[in-house]
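Engineer: Sequence first, predicted model second:
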Amino acid sequence: MDTHPARDIRPFATPYLGAALILAAGIALSAALWQHSAALVAREAHAYLDNRATLVLAGVQRRMDEYETLLLGMQGLFLSTESVGRTAFRRYAGNLEPGHRATGIRALHFTRYVSRDDYARFVDAVRGDRSTDPAGYPDFAVRPEGVRDEHYIIEYIEPLADNLAAFGLDAGSQPANRAAFGAARDTGHFNLTPPLQFELAPPGARALGLYVPVYRHGAPLADEAQRRAAFVGLAGITLDPRELFSDALSDVLAEQYRIAIHDTGPADAIDSTAVPVVVFDSETAIAGASDDAMHKTRNLKFGGRTWSIDVVAHPGWLKSRPGNRIPYIFLGAGVAISVLMAALYFAQSRARARALRLATRMTRDLRHSEQRLRLLAELSTDWFWEQDQDARLTSISGANSGKLPLPFEQIVGKRRWEIAPAALSEEQWQAHRQQLAARVPFEIEYAITDSDGNQRWIVARGAPHYGDDGQFLGYQGTAQDVTERRRSTETIARGSAVLRATLENIDQGISVVDSDLCLLACNQRFMELLDFPESLARPGTAFETFARYNAERGEYGEGDIDELVRKRVELARRFEAHRFRRVRPNGMVLEIVGAPMPDGGFVTTYTDVTEQVRAEEELRRQAAILQNTLDHLEQGISVMDANLHMTAMNRRFCELLGFPEEMARNGAPFEAFFRYNAERGEYGPCDVESLVKEKVALARRFEPHCFKRTRPDGRIIEVRGTPIKGGGFVTSYTDITAREQAEETLRELNETLEQRVRERTAELEASNQELESFSYSVSHDLRAPLRALHGFSHLLEEEYGVLLDATGLNYLHRIRRAAERMGKLIDDLIELARISRQGLVRMDVDLSKLAQDVVASLTEHHPQRRVRWHIAAGLQACADPVLLRVLIDNLLRNAWKFTAERNDAVIELGTLPDPDPDGPVFFVRDNGAGFDMGYADKLFQPFQRLHVADRFEGSGIGLAIVQRIVRRHGGRVWAEAVAGQGATFYFTLPWPASAQR
């Protein structure tokens with residue numbers, strides 16, 4: 001049978017009907033292809049938007065994980081040591097600067113948990129903290145004011161200068177914060193607060209707080225009760241959401257999406273009606289953003305909170321995507337082809353074979369187009385490229401081709417090494433050219449600077465492309481922007497560097513092993529303390545390897561090595577918290593503390609406590625010495641702590657107060673001693689419980705006290721209590737019965753003595769009154785004949801002097817001089833009596849100023865004398881200024897008088913460098929006539945002269961006046977001299993008030 005296609009035509013299939021059928025079929029096929037390609041483009045757009053939403057979720061998760069890592073590092077700082085001070089915290093925060101701190105962090109801080117009872121002590125401790133500031137923090141105060149049952153006070157915060165407003169903030173005053181703190185404390189996990197108005201944030205702005213609990217070093221944490229008991233505070237980070245997410249999501253935000261993050265409540269909340277709170281909103285609000293086709297949502301649970309992350313595209317986004325016109329191209333091409341096919345069929349209906357060949361060719365072209373479309377769909381998340389046999393890029397297409405680092409016209413027609421010659425070294429580009437020459441698949445990663453000047457990292461993958469005839473046409477492949485991945489890798493590397501720097505700056509050895517007991521990390525201090533070789537410090541080294549190394553060198557003592565290693569591996573596999581001390585063969589004492597990690601494994605710290613152990617042994621020795629000393633004291637001694645519990649006492653304490661030996665134990669409550677005394681009647685008749693409460697309340701004031709108590713047996717006990725810094729008392733109990741009896745006898749004697757003193761005082765007052773009357777009588781009665789003698793001798797000389805010869809005039813002059821000396825003697829006697837009875841008015845007196853006045857007077861009245869004066873400056877004493885002027889005047893005039901025969905006279909007033917216990921020692925020194933020390937005992941007696949009157953005038957009263965003044969001030973006076981070389985007079989006076997010792 002003839003089966004030629006041209007002959008397989010129905011008689012009724014006219015050219016018109018055939019053309020119509022072909023046209024209808026072509027249009028239907030084009031419409032189907034249009035719908036299929038449109039659906040494919042839409043699915044691709046959905047997939048791309050879904051990919052963007054997943055990328056946003058990953059970016060948020062990654063950034064929050066970075067903060068979690070940083071926060072765990074802060075927690076490790078507090079877990080690795082007994083106490084972290086302000087200096088250590090500032091040093092830790094400083095290690096994160098510059099470049100190590102993730103964007104968005106406003107502050108690192110430690111929030112101290114403070115109870116009502118500890119509030120005042122905490123505030124005083126912070127004010128007195130001078131570890132980083134010599135002035136301390138005297139103005140430190142907790143805000144908001146008021147004492148509450150629980151406080152969560154920000155104690156450390158860095159940088160302090162930028163966040164001073166938050167220093168001392170009671171963060172627990174905000175309910176949301178308080179809830180997050182409580183959850184972190186009870187679970188041991190880090191917790192995130194909802195967006196709040198923080199002190200650290202600008203007005204109107206909100207911030208996030210990320211906290212992790214800090215527990216007392218080495219405390220058990222097996223259950224919630226233990227965690228609450230060991231709770232110390234929280235290490236935290238305050239975050240700026242806008243800065244944080246604007247940086248973390250910068251690449252996605254650059255694509256003009258709206259990204260909104262809402263806090264929908266606690267992660268374990270059942271109530272779904274909670275009102276979401278905005279955490280971050282890019283604020284690029286777009287009309288029609290409620291269209292479900294343009295909206296993707298992801299949920300993230302982190303830090304005990306649930307976040308809803310919305311990624312919204314604008315309504316015209318789908319239309320603007322590359323490849324959006326492909327369905328219309330297919331439709332137009334299909335309709336055109338259908339019309340062409342119908343026309344051709346109509347024109348060549350009689351040449352069916354030719355038409356069939358044409359249809360076959362068109363079908364093949366259509367299949368090729370579908371294959372390219374399918375490839376484009378598969379690579380739509382990247383971009384597709386083609387290059388010719390000379391490695392020149394000829395075309396670029398795909399969903400991401402619009403995100404090329406450079407404009408299309410700067411790329412097409414060029415080779416990669418021409419587009420970015422500096423992206424790789426010449427050797428690397430040469431290796432790439434060799435791959436192209438060998439026509440093998442390749443993958444290459446290189447950096448290129450985009451039009452905005454930013455560095456972009458591109459990964460290009462390609463394979464050789466051949467035609468149907470096997471001819472090499474060039475390469476086809478895909479390219480992908482991996483900049484974000486590179487940044488993530490660099491961020492992780494920076495975080496690892498921060499962690500490594502932290503570990504290496506801690507003065508403790510630290511090792512971390514995983515659940516398989518393989519080493520994850522360690523620091524150099526760990527290797528130094530345990531003397532491990534560097535070959536063991538690589539990650540992945542088994543714990544058993546370290547244990548075997550120790551066993552083989554005798555670290556665990558004698559025994560079978562395999563058995564010693566097995567026991568330690570079995571103990572380690574229990575993953576239980578442990579704390580013990582081990583003495584190494586070299587004598588070093590290591591304190592080893594292991595803490596299990598939530599996901600398995602251990603963090604172990606190794607601290608050299610050799611000096612601490614020695615100090616503890618010395619402390620125990622000193623305590624034994626102290627107890628032995630206390631037991632040999634005649635006084636009873638008791639020491640109690642801030643909780644009024646006995647911490648030390650001696651045997652004499654129980655003996656004096658009659659306490660039974662079974663009560664004399666450390667830790668016994670002081671209340672028991674009060675009750676024992678009350679019950680046996682030591683305090684007299686009383687309500688025992690009421691009196692005990694009163695005594696305990698009085699003791700809790702921790703105030704110094706001293707009182708006497710007479711026991712029922714008549715023994716008198718003196719009780720003296722001295723508070724201890726931080727709370728508690730040291731109390732001494734002294735049996736003063738004999739002393740009280742002696743004091744009573746002494747009081748009786750004193751009363752008798754005081755009566756005798758009063759009687760003697762009355763007699764002295766009467767005597768002084770008589771002496772004063774006598775002085776006035778002497779002054780008046782003796783001066784009268786002297787005045788007559790002086791007056792008549794003067795008249796005799798004036799009126800009868802011409803009648804007297806030289807001998808007579810000499811006698812007359814001697815009479816007048818004798819009368820003058822007698823007058824001077826009377827004046828000195830009256831002065832001596834006045835000084836003896838004059839009352840003292842003590843004050844600080846400048847001896848240097850008094851001496852300068854005397855020197856000025858002497859120089860003025862005797863200008864012909866040449867004397868070198870050396871008056872020391874600033875000489876002061878506490879004395880009567882009037883009497884002190886008389887003293888200085890007499891001593892300086894005495895020196896002036898006895899240096900009159902010297903042309904090189906020197907007079908000095910000063911003080912000795914070594915004072916007396918009661919005051920300074922002053923001296924007046926001259927180089928005058930001096931005196932024989934054999935007569936020194938007569939020097940200060942009235943009317944005693946050591947030189948003849950014709951040589952040095954005087955009455956012999958001056959030095960007696962000096963001695964009387966010094967003695968009235970409680971001092972002493974003495975002299976040293978060498979005849980013909982001068983004399984030095986020493987005297988002591990009380991210290992001035994400004995220099996009391």
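Structural biologist: Alright, I've got the coordinates. This structure is a prediction, so every number in the text was calculated from the model and none was measured.
Engineer: Show residues contacting the helix or strand hosting Ile259.
Structural biologist: Using DSSP states H and E, Ile259 sits in strand 258-266. Residues outside strand 258-266 that contact it (C-beta atoms under 8 Å, 6 or more residues apart in numbering): 56, 60, 194-195, 241, 245, 249, 252-253, 271, 274, 276-286, 289, 304-312. Any C-beta I mention is one placed from the backbone N, CA and C, and that applies to glycine too.
Engineer: can you tell me which of the residues you listed are in strands?
Structural biologist: In strands, judged by DSSP state E, the following of the contacts of strand 258-266 are found: 277-281, 305-312.
Engineer: hmm, which two among these are most spread apart?
Structural biologist: Greatest spacing in the ones in strands among the contacts of strand 258-266, by C-beta to C-beta: Arg305 and Val312 (22.0 Å).
Engineer: partners of the strand holding Ile259, with directions?
Structural biologist: Strand 258-266 has the following strand partners under DSSP bridges: strand 277-281 (antiparallel), strand 305-312 (antiparallel).
Engineer: Mean neighbour count and mean pLDDT added to these, as JSON lines?
Structural biologist: Converted to JSON lines, the strands paired with strand 258-266 look like this (neighbours: other C-beta atoms under 10 Å; pLDDT from 0 to 100):
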{"stretch": "strand 277-281", "mean neighbour count": "19", "mean pLDDT": "84"}
{"stretch": "strand 305-312", "mean neighbour count": "21", "mean pLDDT": "86"}
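Engineer: element containing Glu555?
Structural biologist: Counting by DSSP H and E, Glu555 is part of no helix or strand.
Engineer: was I right about it contacting Met588?
Structural biologist: No: counting by C-beta atoms under 8 Å, Glu555 does not reach Met588; the two are 11.0 Å apart.
Engineer: name the helices or strands packed onto the host helix or strand of Ala107?
Structural biologist: For Ala107, the host element (DSSP H and E) is strand 105-115. Packing contacts for strand 105-115, counted by 3 or more C-beta pairs under 8 Å, 6 or more residues apart in numbering; DSSP states H and E, involve helix 15-79, strand 150-158, strand 231-239.
Engineer: Ramachandran angles for the residue of the chain positioned farthest from its centre?
Structural biologist: Relative to the mean C-alpha coordinate of the chain, counting by C-alpha atoms, centre = their mean, the farthest residue is Leu803 (107.0 Å). The phi and psi values for Leu803, taken as degrees, to the nearest 10, are phi -90, psi -10.
Engineer: Quick check: it vs Leu812, distance?
Structural biologist: 11 Å (C-beta to C-beta, to the nearest Å).
Engineer: again, but for Ala47
Structural biologist: 147 Å.
Engineer: The two: which has the busier surroundings?
Structural biologist: The neighbour comparison of Ala47 against Leu812 (other C-beta atoms under 10 Å) goes to Leu812, with 17 against 14.
Engineer: Can you report phi and psi for that one?
Structural biologist: The phi/psi pair for Leu812 (degrees, to the nearest 10) is phi -60, psi -40.
Engineer: okay, it: pLDDT?
Structural biologist: On the pLDDT scale, Leu812 is placed at 76.
Engineer: Contacts only, for it.
Structural biologist: Residues near Leu812 by C-beta under 8 Å, 6+ apart: Ser793, Leu796, Glu797, Gly801, Leu804.
Engineer: Of all pairs in those, which one spans the longest distance?
Structural biologist: Spanning the widest gap among the contacts of Leu812 are Ser793 and Leu804, at 11.5 Å by C-beta to C-beta.
Engineer: The two: which has the busier surroundings?
Structural biologist: Remark: of Ser793 and Leu804, Ser793 carries more neighbours, 19 against 14, as counted by other C-beta under 10 Å.
Engineer: Please confirm that that one is located within a strand.
Structural biologist: No: assigned with DSSP: H, G, I helix; E, B strand; the rest coil, Ser793 falls outside any strand and is helix.
Engineer: Quick check, pLDDT for it.
Structural biologist: pLDDT, read off for Ser793, is 76.
Engineer: just Phe729 next, same as before
Structural biologist: Confidence score, pLDDT, at Phe729: 84.
Engineer: Spit out the contact partners of the closest residue in space to it that isn't next to it in sequence.
Structural biologist: Closest residue in space to Phe729, ignoring its immediate chain neighbours: Gly721 at 4.9 Å, by C-beta to C-beta, 6 or more residues apart in numbering. Counting by C-beta under 8 Å, 6+ apart, Gly721 touches Pro704, His705, Cys706, Phe729, Val730, Thr731.
Engineer: let's go with 6 Å and repeat that
Structural biologist: His705, Phe729, Thr731 (C-beta atoms under 6 Å, 6 or more residues apart in numbering).
Engineer: which among these end up buried?
Structural biologist: Applying 16 or more other C-beta atoms under 10 Å to those, the neighbour count classes Phe729, Thr731 as buried.
Engineer: Pick the one among the contacts of Gly721 closest to His432.
Structural biologist: Closest approach to His432 among those (C-beta to C-beta): Phe729, at 85.0 Å.
Engineer: ok, that closest one touching Met640?
Structural biologist: Yes: taking C-beta atoms under 6 Å as the definition, Phe729 is a contact partner of Met640 at 5.4 Å.
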